[in-house]
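Colleague: Just need the structure, nothing else, for what follows:
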Amino acid sequence: MTTERSTTRYTGIAIALHWTIAFLVIAMAAMGWWMVDAITDPSTQQAAYRVFQLHKSIGFAILALTAIRIVWRLTHPAPPLPPGMKWWEVFLAKATHIGFYGLLIAIPLTGWAYVSAGWAVSTDRPLNVATSWFGLFQVPHLPGFEGDRNAAYGAMGAHSLLVWAGVVLVALHAGAALKHQFIDRDGVLGQMVPFLRRDNDEHSGHIGKTSASSYPSMFAAVAGVLAVVAVALTGWSWSQPGPLAIAATPVAETAITVTEVAAQPSATSDAATEATATAWVIDKAASSIVFSGTHAGSPFEGRFNEWTGDIRFDPDDLSGSKAVVIIDTASARTGDATQENSIGTGEWFNSARFPQARFETSTFAALGEDRYEAKGTLTIKDKPFPVTLPFRLIIDNGVANVEGTVELDRTELDLGMFSDPAAEWVSQMIDVKIVVRAAAN
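Modeller: Next up, the predicted model:
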């Protein structure tokens with residue numbers, strides 16, 4: 001029984017891989033043709049950006065599944081072709097299969113080379129976007145391509161030609177399968193379509209049912225592939241941006257009780273050397289640094305998860321007041337894995353080389369009632385920039401609540417200037433909102 005099944009039909013795993021890859025390829029073609037034009041239209045740019053990220057993730061999935069399919073094919077020979085086939089039909093059948101394997105490897109690789117180059121062919125401008133596989137982990141760029149315009153055009157040209165070659169092969173493959181099924185009636189299509197599979201009469205041409213003993217491996221393979229797809233799509237869904245749960249308490253006129261106060265790390269204790277005002281201990285659970293702007297025409301919002309602050313402040317001793325805030329740039333989160341991975345790259349925060357941004361005040365001024373402003377220096381990528389931060393302050397029962405917003409020009413800060421110097425993708429102005437709750441030390 002085992003020998004007969006292995007020589008008259010494909011294995012269940014081969015069938016599952018074949019149809020999974022076929023479905024993904026069809027979906028990829030539809031997405032690719034749509035997003036090429038949609039990415040340049042402001043009304044569809046945001047949707048095209050999402051589809052582009054999904055397109056990349058599916059491309060890597062196809063590459064991995066094809067590698068598995070080739071290994072499986074080498075270790076599990078295909079069923080024999082019908083003996084009545086002409087020599088040229090046999091040649092075309094084998095050449096088509098080899099061509100498919102080559103294309104299913106070459107098309108994702110040329111796409112990978114294109115995104116690695118960081119150059120948008122549609123606009124002929126730099127566009128360096130990180131790749132996140134369904135939001136689960138970052139895929140590195142291929143080395144040697146970054147910023148290479150010629151490589152981008154070459155890779156995209158090859159990618160497009162290979163896709164059209166794939167269309168031709170699909171047409172030939174489908175046409176040959178239909179010829180075998182309805183003209184030759186030799187049951188070849190039944191080798192890959194379970195419900196068309198023949199019974200043990202190898203060349204009767206009759207359509208029969210699959211025996212129950214052939215189901216387990218096929219069902220197990222299908223279940224495994226579906227499980228991987230489900231996990232990947234779940235990760236991609238989680239990676240899409242949505243409203244962030246910002247743990248911040250707005251300034252209020254009523255008394256506030258601090259139930260949990262975080263100790264201040266020594267990294268920012270240098271403020272104490274120049275300040276004589278009261279020291280404050282920040283409640284990190286009720287404090288936040290949030291940034292917002294627009295991306296591809298749609299608003300986005302993010303926050304820094306890791307930061308520390310050393311605050312010495314007294315409304316009656318502004319000259320003796322000082323604050324130093326140090327931000328871990330790699331901790332920026334927007335809810336979109338692709339955005340988060342891009343933020344840490346060289347043209348943005350370059351977190352690997354410059355892991356911290358720093359804001360240090362130089363002077364405080366009272367503006368009346370509960371309003372103040374802090375002038376200081378914001379240092380990003382070791383470059384200092386003057387910043388004025390207006391804020392509101394309410395102190396009640398030894399608890400201080402601060403809320404301030406400052407608008408920063410990312411072109412002045414040299415953020416994203418390789419890919420988007422004209423602010424066509426990411427807004428030029430970025431709002432940064434600071435909310436701090438602290439208790440007198």
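Colleague: where does the stretch 251-400 of the chain have low pLDDT?
Modeller: 251-274 (pLDDT under 70).
Colleague: quick one, helices of it?
Modeller: Along the stretch 251-400 of the chain, counting by DSSP state H, counting those that start in this stretch, helices occupy 337-343.
Colleague: What segments of the stretch 1-150 of the chain are strands?
Modeller: 119-120, 125-126, 131-133, 137-139 (DSSP state E, counting those that start in this stretch).
Colleague: May I see the ones you listed arranged in TSV, with mean pLDDT and distance to residue 162 as well?
Modeller: In this view, the C-beta of every residue, glycine as well, is placed from N, C-alpha and C. Output for these, formatted as TSV (pLDDT from 0 to 100; distance: least, CB to CB, whole Å):
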stretch	mean pLDDT	distance to residue 162
strand 119-120	88	19
strand 125-126	85	24
strand 131-133	91	19
strand 137-139	90	20
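Colleague: Among those strands, which comes closest to residue 422?
Modeller: Residue 422 sits nearest to strand 125-126 of all those, at 8.4 Å, using CB to CB.
Colleague: low-confidence ranges in the stretch 1-150 of the chain?
Modeller: Looking at the stretch 1-150 of the chain by pLDDT under 70, you get 1-8.
Colleague: If we use 80, what do you get?
Modeller: Low-confidence segments of the stretch 1-150 of the chain, defined by pLDDT under 80: 1-9, 81-84.
Colleague: what are the ranges of the helices in it?
Modeller: Under DSSP H, counting those that start in this stretch, the stretch 1-150 of the chain gives helices at 2-8, 12-38, 45-75, 87-117, 149-179.
Colleague: Tell me which residues touch residue 373, please.
Modeller: Listed by CB atoms under 8 Å, 6 or more residues apart in numbering, the contact partners of residue 373 are 364-365, 367, 388-391.
Colleague: So how do I select the buried members of those residues in PyMOL?
Modeller: One line in PyMOL is enough to select the buried ones among the contacts of residue 373; burial here means 16 or more other CB atoms under 10 Å:
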select buried, resi 364+389+391
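Colleague: Restricted to strands, list the contacts of residue 373.
Modeller: Counted as lying in strands by DSSP state E, out of the contacts of residue 373, are 364-365, 367, 388-391.
Colleague: Neighbours of residue 369, how many?
Modeller: The number of residues packed near residue 369 is 8, by other CB atoms under 10 Å.
Colleague: Let me know the helix or strand that residue 432 is in.
Modeller: strand 429-440 (DSSP states H and E).
Colleague: How is this protein divided into domains?
Modeller: 2-239, 266-440 (automatic domain parsing).
Colleague: which one of those domains has the most crowded surroundings?
Modeller: domain 266-440 (a mean of 18; mean count of other CB atoms under 10 Å).
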